[in-house]
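Enquirer: Okay, predicted coordinates and the sequence, questions at the end:
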Amino acid sequence: MNFENLRTVYDNQGPFATVYLEGRSPAADAEKQVRLRWDELRENLASAGAADEILKNLGDTLIVEDITEVQTDGRIVVANAAGVVLDEHWDAALGTGDTAHYGQVPELGAYVREGCRLVDMVLVIANQEGATIRELRVSPQHEATQQDESVVSGDNDEDIHAPRQGALSHNQIRRRADEIVKDNARAVADQVDQIVRAREPDLVVVAGEVQGRTAVKAELSTRVTELLEETDQGGTDDDAAEDALYDALKSLASDRVQAKQAEDSENLSYSKAHDLAVEGQEKVSQAVGRGAVATVLLNYDVGSEGEGAILADAVLSSAGFGLVDADVADGIAAILRYDAATALAD
């Protein structure tokens, strides 16, 4: 997941209140439940010193007409006295609970951790006439979020199915049918390439019927092919086919997240051996404040004290993020852009 959107959050003036409202099952009394949950969080924030303007901005965002959506999708909302600076669905695991934080920087550790477990995908459901293209954000644990969908088909209305009689006629029509399929696949590939250039997804997944998949794959650019995965599971024929398809996407997302975590752990080990990494809140804070950090690595599950300010400096210095299961001091480490001695020098 790309965290560039957070740059505009940190460009605002604090203090900030950060609210995480977990997603829960739909209920007839959703409005009552959300109001009660917000009342408790509001009281906690007020006790911590949050101004009335901040609390009003949060309340106006959470207590809305379509409040059932807030209940089922969850929310992360960050606000200061001027208004709401971040408002997104919060798809954390059920049982994570509601939390509220107040301070000079937003508390976005949980948001970043969840984002590191999300995989941006372009799903191409292909057939011989074209494809349905879905832009998705997929988690190994949660329902996929669809951000956009487009349908691409060729401009030719000719029948792609050749007759069975007449050898010469059959061969001619078969060649023409192959040309039409190729043209349709090329149109799909061009659209996918545009999306990849604009969105820079983690994966491009080709699904659908065999002939359609084969035709589309043959037309994809090198840039797209480097991101390519393929699945023969499911489809769009009915709900069962859709469920099978999205189960396959979750599996691909899980593989991607695990591979990225293994890569980050390996990079950390290598960097430590070459004096290109630091651990612990104090050293990471010092290094990131000087713009010396290439990647901040967070403990997979547990937040660390002071990480909110570290994440702010990391975003503003264009550092990346990752997760590690390794035992690191204070649950936080950093891979550096240059040697640790220089990064920590007084």
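Expert: The structure has been received and is ready for your questions.

Enquirer: residues touching residue 285, list them.
Expert: 306, 309, 310, 313 (Cβ atoms under 8 Å, 6 or more residues apart in numbering). All C-beta spots, glycine's among them, are computed from the backbone N, C-alpha and C.

Enquirer: if I look at the third one, how far off is residue 141?
Expert: Translated: residue 310. 26 Å (Cβ to Cβ, to the nearest Å).

Enquirer: ok, those two, which is more surrounded?
Expert: residue 310 (25 against 14; other Cβ atoms under 10 Å).

Enquirer: Give me the contact list for the helix or strand containing that one.
Expert: Here residue 310 sits within helix 307-316, counting by DSSP states H and E. Here helix 307-316 makes contact (Cβ under 8 Å, 6+ apart) with 3, 6-7, 10, 101, 103-109, 112, 281, 284-285, 288-289, 293, 296, 298, 321, 332.

Enquirer: out of those, which are inside strands?
Expert: Cross-referencing the contacts of helix 307-316 against strands under DSSP state E gives 101, 103, 293, 296, 298, 321, 332.

Enquirer: And these, which two are furthest apart?
Expert: Pairwise distances across those (Cβ to Cβ) peak at 22.9 Å, for the pair 101 and 293.

Enquirer: picking up where we left off before, what would the helix holding residue 310 look like as PDB? C-alpha coordinates only.
Expert: Taking Å, rounded to 0.1, in the frame of the first residue of the first chain, the C-alpha atoms of helix 307-316 are listed here in PDB:
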ATOM      1  CA  GLU A 307       6.000   5.700  17.000                       C
ATOM      2  CA  GLY A 308       3.500   8.300  16.000                       C
ATOM      3  CA  ALA A 309       6.100  11.000  15.700                       C
ATOM      4  CA  ILE A 310       8.500   8.600  14.000                       C
ATOM      5  CA  LEU A 311       5.800   7.700  11.300                       C
ATOM      6  CA  ALA A 312       5.300  11.400  10.700                       C
ATOM      7  CA  ASP A 313       9.000  12.100  10.100                       C
ATOM      8  CA  ALA A 314       9.100   8.900   7.900                       C
ATOM      9  CA  VAL A 315       6.300  10.000   5.700                       C
ATOM     10  CA  LEU A 316       7.600  13.500   5.300                       C
END
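
Enquirer: and the angle from that helix to strand 293-299?
Expert: Inter-element angle recorded for helix 307-316 and strand 293-299: 150 degrees (by axes from the mean of the first three to the mean of the last three Cα atoms, to 10 degrees).

Enquirer: got the buried residues for helix 307-316?
Expert: By neighbour count on 16 or more other Cβ atoms under 10 Å, the buried set for helix 307-316 is 307, 308, 309, 310, 311, 312, 313, 314, 315.

Enquirer: just curious, which of these is nearest to residue 130?
Expert: Closest to residue 130, out of all of the buried residues of helix 307-316 and judged by Cβ to Cβ, is residue 315, at 39.1 Å.

Enquirer: Just the pLDDT at that closest one, thanks.
Expert: We note a pLDDT of 96 for residue 315 in this prediction.

Enquirer: which residue sits closest to it in space, ignoring its chain neighbours?
Expert: residue 6 (4.7 Å; Cβ to Cβ, 6 or more residues apart in numbering).

Enquirer: got a list of what that neighbour touches?
Expert: Residues near residue 6 by Cβ under 8 Å, 6+ apart: 86, 108, 311, 315.

Enquirer: any idea how far the last one lies from residue 230?
Expert: In this case it means residue 315. 34 Å.

Enquirer: about what we covered before: next, format the ones in strands among the contacts of helix 307-316 as CSV and append distance to residue 126, pLDDT and neighbour count.
Expert: Shown next, in CSV, are the ones in strands among the contacts of helix 307-316 (distance: Cβ to Cβ, whole Å; pLDDT from 0 to 100; neighbours: other Cβ atoms under 10 Å):
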residue, distance to residue 126, pLDDT, neighbour count
101, 45, 96, 22
103, 49, 95, 16
293, 41, 97, 28
296, 38, 96, 24
298, 37, 95, 25
321, 33, 96, 18
332, 43, 94, 27
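
Enquirer: Output the buried residues of helix 307-316 in TSV, with distance to residue 185 appended to each entry.
Expert: Shown next, in TSV, are the buried residues of helix 307-316 (distance: Cβ to Cβ, whole Å):
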residue	distance to residue 185
307	47
308	48
309	50
310	47
311	43
312	45
313	46
314	42
315	40
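
Enquirer: thinking again about what came up before, so which of the contacts of residue 6 is the closest to residue 196?
Expert: Comparing the contacts of residue 6 against residue 196 with Cβ to Cβ places residue 315 closest, at 23.9 Å.

Enquirer: Now do that closest one against residue 332, distance only.
Expert: Per Cβ to Cβ, residue 315 is found 15 Å from residue 332.

Enquirer: Could you do residue 215 as well?
Expert: Counting by Cβ to Cβ - residue 215 and residue 332 are separated by 48 Å.

Enquirer: tell me which residues of stretch 322-339 are tucked away?
Expert: So, applying 16+ other Cβ under 10 Å, buried residues of stretch 322-339: 322, 323, 324, 328, 330, 331, 332, 333, 334, 335, 336, 337.

Enquirer: Strands of the stretch 201-346 of the chain, residue ranges please.
Expert: 203-208, 228-230, 277-279, 293-299, 320-324, 332-336 (DSSP state E, counting those that start in this stretch).

Enquirer: Including distance to residue 122, could these go into a markdown table?
Expert: A markdown table is the format used below for those (distance: least, Cβ to Cβ, whole Å):
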| stretch | distance to residue 122 |
| --- | --- |
| strand 203-208 | 5 |
| strand 228-230 | 10 |
| strand 277-279 | 33 |
| strand 293-299 | 25 |
| strand 320-324 | 21 |
| strand 332-336 | 28 |
